[in-house]
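Asks: this is a predicted model, with the sequence first.
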Amino acid sequence: MLHKLLFWGFAVVFPLPLVFTYDFVATVPPSLKFYIFLGLIAYAWWLLSIALSVRPSWLDRFVGLPSIYGLHGMLGVLAIALAYVHSDYSYSPSQLARDLGDWAFYGALGVLCYSVFFLSGWLVDRSKLLLRAKGLLETVFRHRFTVWIHRINLVVVGMIWLHAHLLVRVNQYFAFMTLFDLYTVTVLAIYTWKKWIAPDTFLRGSIMINDALGESTRRVCVDLDSKAATLRPGDFFFLSFEGSPSVSGEWHPFSVTDDNQKTLTFTIRQHGDFTRRLDRVEVGTRVRLEGPFGRFESIVQNRDREAPLVLIGMGAGVSALLSLAAAHHTSREIHLLWAVRSPEDAYFRDVLKEYEAATGSRLRATVNVGRFRREDLVGILPAEVIAKGAFFIVGPNLAVLANQRMLRRIGVSARRIHQERLTM
Ligand SMILES: Cc1cc2nc3c(=O)[nH]c(=O)nc-3n(C[C@H](O)[C@H](O)[C@H](O)COP(=O)(O)OP(=O)(O)OC[C@H]3O[C@@H](n4cnc5c(N)ncnc54)[C@H](O)[C@@H]3O)c2cc1C
């Protein structure tokens, strides 16, 4: 919680040097100054939002990727609101500056609406109808295209930068403009570094095994060139396959299924454009891995050592939970609940039996065809576990939210429920 407060606090403070410097140097009427401040805060938040989009893994360890993307989206919304008031109440003699400001505003608004629908779960996670509509639209507006649309934000920043440089009431103050440019250049440098330079420093490896686990799931094992020394149980990576004629080099997130740091195993459900082609990717194909990301292990470590772990996985969502089970089954009481679509999809049944046998039932695994219902949970989990356990849920967004609600209803407090949704 403290980490998140610090993180949000930083976003509040981030625009202040720009605002204070302008306040100190500029001699415009106070009423106009206020609206210029709003424009400056909006610009700084757009920049910060772009900086967050590079998802630094150290920041993920601090607050988690969902919080990073959450703030990224919130800043986009708040910046639009401030930019609206700024443009409505300030004036400028330069037609070009006015036009650039307007185009930037409408460009950012368009990207925001598009992204809220396609990239965030703010709407589609709350309505099955919208989720279905998104699924249909994604046959045309593919994820890759959406990511490109999102990059219009860079053009927006370029237009606002020029807008500010054209305004005499802003550009005449050298100290302020230097700071303004420093903000812009720093963020664009971070973005450029992450997109074009950092990938050369990412982990690399080759596919060692790519075989079928059931009808629509694959096991992909990547032998790394060097150990993933910072890998922790429950972590995930973004993977990009290099030079494969079958799949694009697009980055996709997948969780590591066990606790081996040299050979990473991924369990991948094939349901979309990219994952359905995975069976054609040959052994030996080179892979780049960005990460690791994830906060499950630090949550486990920070909780009461005696608290049982309740791991609820839906389909391939069990991957991250299996690596937690692999790491902790000898030292913690674990209840692993795995919901699968059909009996054939329970491809980890034998592994789970081995864990159960090895721990003398300290780990108890329950596999269910179909979702767990409230009465299943109450029947499977002892009252003490419901009262004290740390709960981890991983699966598709709607299923995670439904399980979360169910746990709340049987008395699990919100701070003991941790989740990872398989879409972002
Ligand atoms: C933290 C995390 C861990 C995950 N771990 C696993 C795992 O262990 N096993 C597994 O099978 N799946 C996992 N997923 C889900 C997996 O990343 C998606 O199913 C896969 O990227 C979909 O690709 P597609 O093109 O085949 O499917 P599509 O049908 O094209 O996409 C399905 C949905 O996946 C999302 N998506 C598509 N492409 C990307 C992308 N490049 N980056 C992010 N999201 C995307 C979109 O929201 C889309 O609506 C994980 C997802 C996340 C966020």
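Replies: Yep, it's here. Residues are numbered from 1 along each chain as shown.
Asks: what's the domain layout of the protein?
Replies: 1-199, 202-294, 301-422 (the TED database).
Asks: so which of those domains is nearest the ligand?
Replies: For the domains of the chain, proximity to the ligand was assessed by CB to the nearest ligand atom; domain 202-294 is nearest, at 1.8 Å. From N, CA and C alone the C-beta is placed, and that goes for glycine too.
Asks: pull the residues that contact the lengthiest strand in the chain.
Replies: Criterion DSSP state E: the longest strand present in the chain is strand 203-212. Strand 203-212 has contacts (CB atoms under 8 Å, 6 or more residues apart in numbering) with 218-226, 228, 237, 241, 263-264, 278-279, 281-289, 291.
Asks: what about the strands in the chain?
Replies: Under DSSP E, the chain gives strands at 203-212, 217-224, 236-242, 252-255, 263-269, 286-293, 309-314, 334-340, 363-369, 390-395, 417-421.
Asks: give the rounded mean pLDDT of stretch 294-313.
Replies: What stretch 294-313 shows for mean pLDDT is 90.
Asks: typo on my end, stretch 166-173
Replies: For stretch 166-173, the per-residue pLDDT averages 93.
Asks: residues contacting that stretch, please?
Replies: Residues contacting stretch 166-173 (CB under 8 Å, 6+ apart): 22, 25-26, 28, 32, 36, 92-94, 96-97, 100, 164-165, 176-177, 180.
Asks: restricted to buried residues, select the residues you listed in PyMOL.
Replies: A single PyMOL command is used to select the members of the contacts of stretch 166-173 judged buried by 16 or more other CB atoms under 10 Å:
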select buried, resi 22+36+92+97+100+164+176+177+180
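Asks: so which of the contacts of stretch 166-173 belong to helices?
Replies: Y22, V25, L32, I36, L96, A97, L100, A164, H165, F176, M177, F180 (DSSP state H).
Asks: of those residues, closest to H271?
Replies: Using CB to CB, L100 is the member of these that lies nearest H271, at 42.8 Å.
Asks: surely the closest one touches L162?
Replies: Yes. Applying CB atoms under 8 Å, one finds L100 in contact with L162, separated by 5.5 Å.
Asks: spatially nearest residue to A108, not counting backbone neighbours?
Replies: V156 (4.7 Å; CB to CB, 6 or more residues apart in numbering).
Asks: ugh, wrong one, G395
Replies: Nearest to G395 is M314, by CB to CB, 6+ apart, at 2.8 Å.
Asks: what is the one you found paired to in the beta sheet?
Replies: A339 (DSSP bridges).
Asks: number of residues surrounding it?
Replies: 23 (other CB atoms under 10 Å).
Asks: and it, how far from Y173?
Replies: 56 Å (CB to CB, to the nearest Å).
Asks: same question for R415.
Replies: Counting by CB to CB, the gap from R415 to Y173 is 48 Å.
Asks: neighbour count for those two, which is higher?
Replies: Comparing R415 with Y173 by other CB under 10 Å, the one with more neighbours is Y173, at 17 against 8.
Asks: what parts of the stretch 151-300 of the chain come near the ligand?
Replies: Counting by CB under 6 Å from any ligand atom, the residues of the stretch 151-300 of the chain close to the ligand are 236, 250-255, 266-269, 271-275.
Asks: which of those are buried?
Replies: F236, W251, H252, P253, F254, S255, F266, T267, I268, R269, F274, T275.
Asks: which residue ranges of the stretch 51-200 of the chain form helices?
Replies: Using DSSP state H, counting those that start in this stretch, the helices of the stretch 51-200 of the chain run over residues 57-63, 65-89, 95-118, 128-137, 143-150, 152-166, 168-171, 174-192.
Asks: mean pLDDT for those helices: which is lowest?
Replies: helix 143-150 has the lowest average pLDDT among the helices of the stretch 51-200 of the chain, namely a mean of 87.
Asks: show me what counts as buried in that helix.
Replies: H143, T146, I149, H150.
Asks: what of stretch 179-190?
Replies: Quick answer for stretch 179-190 (16+ other CB under 10 Å): L179, F180, Y183, T184, V187, L188, I190.
Asks: check stretch 75-84 too.
Replies: For stretch 75-84, by 16+ other CB under 10 Å, it's L75, G76, L78, A79, I80, L82, A83.
Asks: same question, stretch 93-113
Replies: A97, R98, L100, G101, A104, F105, G107, A108, V111, L112.
Asks: okay, the residues you listed in a markdown table with distance to the ligand next?
Replies: Below are these laid out as a markdown table (distance: CB to the nearest ligand atom, whole Å):
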| residue | distance to the ligand |
| --- | --- |
| A97 | 37 |
| R98 | 37 |
| L100 | 32 |
| G101 | 32 |
| A104 | 27 |
| F105 | 27 |
| G107 | 23 |
| A108 | 22 |
| V111 | 17 |
| L112 | 17 |
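Asks: pick the one among those residues closest to R55.
Replies: V111 (18.1 Å).
Asks: quick check: the closest one touching I149?
Replies: Yes. Counting by CB under 8 Å, V111 touches I149, with 6.4 Å between them.
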